[in-house]
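Q: Sharing a model that was predicted from the sequence below.
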Amino acid sequence: MTEQEKSELYSRIQAVQERIDTAAEKVGRDPKDIILVAASKMNDAERVRTAIACGIRVCGENRVQELLDKYEQNAYAGADLQFIGTLQTNKVKYLIGKVSLIQSVGSVRLGEAIAREAEKRGIRQDILLEVNIGREAAKSGLLLEELDDAVSRLCEKKSLHIRGLMAIPPIADQTSKNLSYFTEMHQVFVDILTKKYDNVNMDYLSMGMTNDFETAIACGANMVRIGTAIFGARPYQIVSP
Ligand SMILES: *Cc1c(COP(=O)(O)O)cnc(C)c1O
């Protein structure tokens, strides 16, 4: 990276942090309670290391192979590493011991696979349950009506620790649409919190990305996953003229 690129990355991170702070303060929340996860997919080890040097504390990766490649290059030193992408059960074993949180647990089957691997390694793996809030056929995640059953089954696994919920609402043409999804997510989050399941701590509500994180924070998100606003457009987002 050139010095110019580094300084641009620094400025974007500062700008995102300021927007988070403003969004939190606007609804009377402490900005320090909002965790910024830098969604670092398609950004190489050097860019990830630079982001960490610029103040990023948590990195979220989407693909197992990409995470392993960058992990080997020591990309994440000094930060917390989380997994936020679609996960196949046969790849779970590569993540256990490397990531502090798996945000994208969208089925009981995947939760059980994580529990088995974590048990083998003698650790307790933190997870979030992913909710398919827009009921999209192409997306993974639990439907709202499946959530209670999933929580009661997975909370029995001693090698799992449910720490909250995650959602990726449909790509919206208007913010108002996402507002209703985010509101619904917060309601469900509070519902589960109120039920006080054993072995479950509803600490994190992970929702909000570059286009909608301020709305998500207004609706109660305390974890936002931001890629583009930090790293710039990913190669496939740049439409050539
Ligand atoms: C890429 C990604 C993000 C960040 O998306 P941006 O719109 O670039 O901020 C957040 N969450 C998940 C699961 C992602 O894959």
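A: The structure has been received and is ready for your questions. Residues are numbered from 1 along each chain as shown.

Q: is it true that Val131 touches Gln187?
A: No: assessed by Cβ atoms under 8 Å, Val131 is found out of contact with Gln187, at 11.4 Å. In this view, the C-beta of every residue, glycine as well, is placed from N, C-alpha and C.

Q: of these two, who's got more company?
A: Val131 (26 against 12; other Cβ atoms under 10 Å).

Q: Could you find the closest non-adjacent residue to the more buried one?
A: The shortest distance from Val131 to any non-neighbouring residue, by Cβ to Cβ, 6 or more residues apart in numbering, is to Ala167 (4.7 Å).

Q: count of neighbours near that neighbour?
A: Neighbours of Ala167 (other Cβ under 10 Å): 27.

Q: any idea how far the ligand is from it?
A: 10 Å (Cβ to the nearest ligand atom, to the nearest Å).

Q: same deal with Leu142?
A: On the measure of Cβ to the nearest ligand atom, Leu142 and the ligand end up 15 Å apart.

Q: got a list of what that residue touches?
A: Residues near Leu142 by Cβ atoms under 8 Å, 6 or more residues apart in numbering: 106-107, 129-132, 150.

Q: sorry, back to before: mind listing what the residue nearest to Val131 touches?
A: Contacts of Ala167 were listed using Cβ under 8 Å, 6+ apart, and they are 130-133, 141, 181-182, 185, 206-207.

Q: Phi and psi next, for it.
A: phi -150, psi 150 (degrees, to the nearest 10).

Q: Before I go, just wanted to say thanks for your time.
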